[in-house]
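In: okay, here's the prediction I keep looking at, along with the sequence it came from:
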Amino acid sequence: MCRERSAFDELSNGDTQSLVIFGAGQLGKKLLRTMRNLAIEPLAFVDNDQSLWNTRVDGLEVFPPASAARKFGNSAVFIVSIWNANPSSRAVQIIRQLNALGCMRIAPFVWLMWK
């Protein structure tokens, strides 16, 4: 199997039931629609935008990063739905943020899309 098709499964151990989307913006909503079309229901959104905290976006609860890390950090795969155009991008910063909060499994959204 090629690296692109196996990267997400290696990280998640094939688990598509314990997924959290970081980023409740346009890309995150598009990822959610795609996942739901594949009968995958994520656990929650996470976002750094305080105005979204403790609300629902497209029916999915939005958590602050620290709260999501406490609740899901040891069990869920955090899918970063931020465009990663270069190494100094926001996506890389968010991966570092999640690592610092103790999240164990983090993947860029493209890994799930490759799958």
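Out: Yep, it's here.

In: so which residue is dead centre in the chain?
Out: Taking C-alpha atoms, centre = their mean, the centroid of the chain lies closest to residue 79, which sits 2.1 Å from it.

In: can you pull the phi/psi pair for that residue?
Out: phi -100, psi 120 (degrees, to the nearest 10).

In: for residue 106, grab phi and psi.
Out: phi -130, psi 140.

In: run through the residues that contact it.
Out: 77-78, 80, 95, 98-99 (C-beta atoms under 8 Å, 6 or more residues apart in numbering). Every C-beta, even on glycine, is put in place using the N, C-alpha and C of the backbone.

In: on that earlier part again, the residue nearest to the centre of the chain contacts residue 27, doesn't it?
Out: No - applying C-beta atoms under 8 Å, one finds residue 79 not in contact with residue 27, separated by 10.5 Å.

In: shared neighbours, the two?
Out: residue 109.

In: circling back: generate a ChimeraX selection restricted to the buried entries among the contacts of residue 106.
Out: To isolate the buried members of the contacts of residue 106 in ChimeraX, using 16 or more other C-beta atoms under 10 Å:
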select :77,78,80,95,98
